[in-house]
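Q: Sharing a model that was predicted from the sequence below.
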Amino acid sequence: KAGVTQTPRYLIKTRGQQVTLSCSPISGHRSVSWYQQTPGQGLQFLFEYFSETQRNKGNFPGRFSGRQFSNSRSEMNVSTLELGDSALYLCASSLRPNLDEQYFGPGTRLTVT
Amino acid sequence: SQQGEEDPQALSIQEGENATMNCSYKTSINNLQWYRQNSGRGLVHLILIRSNEREKHSGRLRVTLDTSKKSSSLLITASRAADTASYFCATVRTGANNLFFGTGTRLTVIP
């Protein structure tokens, strides 16, 4: 069974631009969570989707948004990029939002210049 | 913000030795999980221990949980060079629906 895939793997953007990251969960998984990882703040929860509904949101500004499609694929969008948004963005999927075990993708490395 | 702190921040050992990492957290939890991350890549789930469990084993891994001290430890026995990675504890707080990660321990196993 294929794992969680994230595209693109690397991205360079300029301050003020917006970006969209994509995540395809493991087949059959309906819950998708997003995390941001930076050297300073570590791993922080962004949001979680289940059956196309956002169930939970972390403490991030409104510039960070996401959605989930009927096939469980998810996208996250960051508008008006800031230098501090440079990070590794990780997506994780699970069968249900039970948080027993999440399967992580390889991440998208975003660099904002 | 992060849920917990891990120590040590970095650990360097010889192949064959045991490695112990500790995790402390702040609030009541449903379960605690350990993940491994190789050099800025995705995380791999290692083991989960529930709040009513005190010890759990999986292969060369042993995890303990002390809810009275709000702490956990991960022991890797007979370490291998391939165990070189960062290790994170993550908690599911009571009443919450997401993982809160610790600061991580960077383990280096020298062949």
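A: Perfect, I can see it now.

Q: For chain B, see how far away the residue nearest in space to the middle of chain A is.
A: For chain A, the residue sitting closest to the mean C-alpha position, by C-alpha atoms, centre = their mean, is A:Trp34 at 3.4 Å. Per C-beta to the nearest C-beta, to the nearest Å, A:Trp34 is found 10 Å from chain B. Heads up, the C-betas are built off the backbone N, CA and C, glycines and all.

Q: Reduced to three states, what does the closest residue in space to that residue that isn't next to it in sequence come out as?
A: Leaving aside its sequence neighbours, A:Trp34 sits nearest to A:Leu46 (C-beta to C-beta, 6 or more residues apart in numbering or on different chains; 4.0 Å). Here A:Leu46 is recorded as strand under DSSP: H, G, I helix; E, B strand; the rest coil.

Q: and what of the one 3 residues further on?
A: Per three-state DSSP, the local secondary structure of A:Tyr49 is strand.

Q: these two touch, right, it and A:Gly66?
A: Yes. If you go by C-beta atoms under 8 Å, A:Tyr49 and A:Gly66 touch, sitting 6.6 Å apart.

Q: Now B:Ala19: closest residue in space that isn't a chain neighbour?
A: B:Ile76 (4.5 Å).

Q: same thing with A:Ser51?
A: A:Arg30 (5.8 Å).

Q: okay, how far is it across stretch B:76-90, tip to tip?
A: The first residue of stretch B:76-90 is 17 Å away from its last residue (C-alpha to C-alpha, to the nearest Å).

Q: Distance from that stretch to the middle of the chain?
A: 9 Å (C-alpha atoms, centre = their mean, to the nearest Å).

Q: and what of stretch B:83-103?
A: That offset, for stretch B:83-103, works out to 8 Å (C-alpha atoms, centre = their mean).

Q: for the residue nearest to A:Ser51, what are its contacts?
A: By C-beta atoms under 8 Å, 6 or more residues apart in numbering or on different chains, A:Arg30 lies in contact with A:Phe50, A:Ser51, A:Ser72, A:Leu95, A:Arg96.

Q: One more pass at 6 Å, please.
A: A:Phe50, A:Ser51, A:Ser72 (C-beta atoms under 6 Å, 6 or more residues apart in numbering or on different chains).
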